[in-house]
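Student: give me a 3D structure for the following:
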Amino acid sequence: MTFENFFANSCVCSPSRASLMTGMYPDRAGVPGLVRDIPEDSWGYLRPGAKLLPQVLKLAGYHTAIVGKWNLGLETPNLPNERGFDLFHGFLDDMMDDYWTHLRHGKNFMRLNEHPVNPEGHATDVFTTWACDYLREQAKTGGPFFLYLAYTAPHAPIQPPKEWLEKVQAGEPQLNEKRAKIVALIEHLDSGIGKVRATLDETGLATNTLIILNSDNGGRLEDGAYNGPWRSGKEHMYEGGLRVPCVVRWPGLVNPGSQAKRYTMTMDIYPTVCQAAGASWPKNIDGLSFLPTLLGTDDSSPKRDLYFVRRDGNPIMEGKTIDAFRRGDWKLLQDSPFAPLELYNLENDPTESTNLADTQRKIFKQLAAGLRKQIQIEGKTPWQSPE
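Tutor: Sure, this is the predicted structure:
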């Protein structure tokens, strides 16, 4: 099943991952911005009392594992094994400075649980191997499992293996080098996902496994990404930064080749997975289960406002936030903390080309009030480490 209207909770990675793990809006999860290894440039602290998805699934008898990027805490008490994962085989920080050395600012953040490891090879291949190893082990031991496989690709730096770049350049010689590199990085990623799928097949796990393939934000235009007709990309509150692909496979339950039109967000994955697994989840989360859509019984969009946030400390944002707030077909956004709010009607103007903030003042005021209310709710959760 392909989702036509799936949105990341933020236009950058950490906030969206926090929403995935908590079922909450990023601010409520304590992570409105990127968690980094440089304290003065880190803009989130995972909410201490939040019950993360792996914690809830463990109570339902699931073995839980994360392979790949964590990016929700670099030290106690927010390490993966401390927040519900039985196994952590991956990378703690936000990004790698090199896909082969796996270092960030000269430091090694690769771990097997709490122990540093130094794997060889391209990070995508490393994570694919670790994921396949985990699946084979689970096939031997039996019992239900939850695997959160979080690749770093296609995040910058755009470093595809040489043979994959050559393959793309041979097949599509009209592409410029920047575009060819990101296409190659994504095709290499696709190949890794294919190997994971093949491992599920060979172990016999595929027939009873729910797979959700999703992205944490839109593609970054500066890296050669393409976001279809949508305006802008990663780091921005326009549709190109928030609309993301989502594909779900569940043999015998999800109709192959089907499409979902429901408006869905990253945080909705949390209750959906819990409901599919027969696990009870906290009632104070923001996400809503889309299991009825997967089962073909109800594809209607919930009647709710949608809220998006990003905080950062770069010279463009100076520690402030940018937001977007959607109600029905109307979307209010601020793409720079130093710019006015903008208003768009996405039914009539899906590419956000005509700002109606000055001509639709009644709608503007209604959405602005809704945005302020959401900001007040989210402001109850600290996003820095307690003293």
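Student: which residues in the stretch 151-300 of the chain form strands?
Tutor: Using DSSP state E, counting those that start in this stretch, the strands found in the stretch 151-300 of the chain span residues 211-214, 246-249, 259-260, 264-265.
Student: now do the contacts for residue 63.
Tutor: 86, 87, 138, 141, 143, 144, 145, 146 (C-beta atoms under 8 Å, 6 or more residues apart in numbering). Using the backbone N, CA and C atoms, a C-beta is placed for each residue, glycine as well.
Student: any buried residues in the longest helix seen in the chain, and which?
Tutor: Under DSSP state H, the helix in the chain containing the largest number of residues is helix 177-203. Neighbour counts using 16 or more other C-beta atoms under 10 Å place 179-189, 192-193, 196, 199-200, 203 of helix 177-203 among the buried residues.
Student: same thing with stretch 69-84?
Tutor: Using 16+ other C-beta under 10 Å as the burial criterion, the residues of stretch 69-84 that qualify are 69, 70, 71, 72, 73, 74, 78, 79, 80, 83, 84.
Student: cool, and stretch 25-41?
Tutor: Along stretch 25-41, these residues count as buried under the neighbour rule (16+ other C-beta under 10 Å): 25, 26, 27, 28, 29, 30, 31, 32, 33, 34, 35, 36.
Student: for the stretch 51-200 of the chain, just list every one of the helices.
Tutor: Assignment of helices within the stretch 51-200 of the chain using DSSP state H, counting those that start in this stretch yields the ranges 53-59, 123-141, 162-171, 177-203.
Student: actually, the stretch 201-350 of the chain.
Tutor: Counting by DSSP H, counting those that start in this stretch, the stretch 201-350 of the chain has helices at residues 239-242, 269-277, 291-294.
Student: quick one on the thing from earlier: and the contacts of residue 63, which of them are in strands?
Tutor: Judged by DSSP state E, the subset of these located in strands is 87, 145, 146.
Student: okay, now the unreliable bits of the chain?
Tutor: Within the chain, no stretch has pLDDT under 70.
Student: most centrally placed residue in it?
Tutor: In the chain, the residue lying closest to the centroid (C-alpha atoms, centre = their mean) is residue 216, at 2.5 Å.
Student: and it, how far from residue 9?
Tutor: Noted for residue 216: a distance of 9 Å to residue 9, by C-beta to C-beta, to the nearest Å.
Student: do the same with residue 204
Tutor: Between residue 204 and residue 9 the distance is 35 Å, computed by C-beta to C-beta.
Student: comparing these two, which residue is more hemmed in?
Tutor: Higher neighbour count among residue 204 and residue 9: residue 9, with 30 against 10, using other C-beta atoms under 10 Å.
Student: hmm, residue 108 is touching residue 119, no?
Tutor: No. The criterion here is C-beta atoms under 8 Å, and residue 108 misses it with residue 119 at 10.3 Å.
Student: overlap in contacts of those two?
Tutor: The contact sets of residue 108 and residue 119 overlap at residue 102 (C-beta under 8 Å, 6+ apart).
Student: picking up where we left off before, closest to residue 14 among the ones in strands among the contacts of residue 63?
Tutor: residue 146 (20.6 Å; C-beta to C-beta).
Student: just to revisit the earlier point, turn the contacts of residue 63 into a markdown table, including neighbour count and distance to residue 97.
Tutor: Formatted as a markdown table, those follow (neighbours: other C-beta atoms under 10 Å; distance: C-beta to C-beta, whole Å):
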| residue | neighbour count | distance to residue 97 |
| --- | --- | --- |
| 86 | 16 | 29 |
| 87 | 20 | 26 |
| 138 | 18 | 32 |
| 141 | 8 | 36 |
| 143 | 8 | 38 |
| 144 | 16 | 37 |
| 145 | 21 | 32 |
| 146 | 22 | 30 |
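Student: now distance to residue 280 too, for those residues, in a markdown table please.
Tutor: Below are those laid out as a markdown table (distance: C-beta to C-beta, whole Å):
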| residue | distance to residue 280 |
| --- | --- |
| 86 | 19 |
| 87 | 23 |
| 138 | 23 |
| 141 | 24 |
| 143 | 19 |
| 144 | 15 |
| 145 | 19 |
| 146 | 15 |
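Student: any idea how far residue 347 is from the most far-flung residue of the chain relative to its centre?
Tutor: Most distant residue from the mean C-alpha position of the chain: residue 359, 34.8 Å away (C-alpha atoms, centre = their mean). Applying C-beta to C-beta, the value for residue 359 to residue 347 is 16 Å.
Student: same question, residue 173
Tutor: For residue 173, the distance to residue 347 equals 40 Å [C-beta to C-beta].
Student: now residue 276
Tutor: Using C-beta to C-beta, residue 276 is found at 32 Å from residue 347.
Student: have a look at the two and say which one is more surrounded.
Tutor: It is residue 276, of residue 276 and residue 347, that has more neighbours when counted by other C-beta under 10 Å, with 16 against 9.
Student: my guess is that one meets residue 290, correct?
Tutor: No. Taking contacts as C-beta under 8 Å, residue 276 lies outside contact range of residue 290: 10.2 Å.
Student: what about residue 304, neighbour count?
Tutor: 12.
Student: and for residue 295?
Tutor: For residue 295, the neighbour count with other C-beta under 10 Å is 13.
Student: who are the packing partners of the longest helix of the chain?
Tutor: Helix 177-203 is packed against helix 123-141, helix 162-171, strand 211-214, with contacts defined by 3 or more C-beta pairs under 8 Å, 6 or more residues apart in numbering; DSSP states H and E.
Student: swap in 6 Å and give it another go.
Tutor: helix 123-141, helix 162-171 (3 or more C-beta pairs under 6 Å, 6 or more residues apart in numbering; DSSP states H and E).
Student: what would the helices of the stretch 201-350 of the chain look like in JSON lines with distance to residue 113?
Tutor: As requested, these are exported to JSON lines (distance: least, C-beta to C-beta, whole Å):
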{"stretch": "helix 239-242", "distance to residue 113": "34"}
{"stretch": "helix 269-277", "distance to residue 113": "23"}
{"stretch": "helix 291-294", "distance to residue 113": "32"}
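Student: which one, of those, ends up nearest to residue 209?
Tutor: Of the helices of the stretch 201-350 of the chain, nearest to residue 209 by C-beta to C-beta is helix 269-277, at 10.6 Å.
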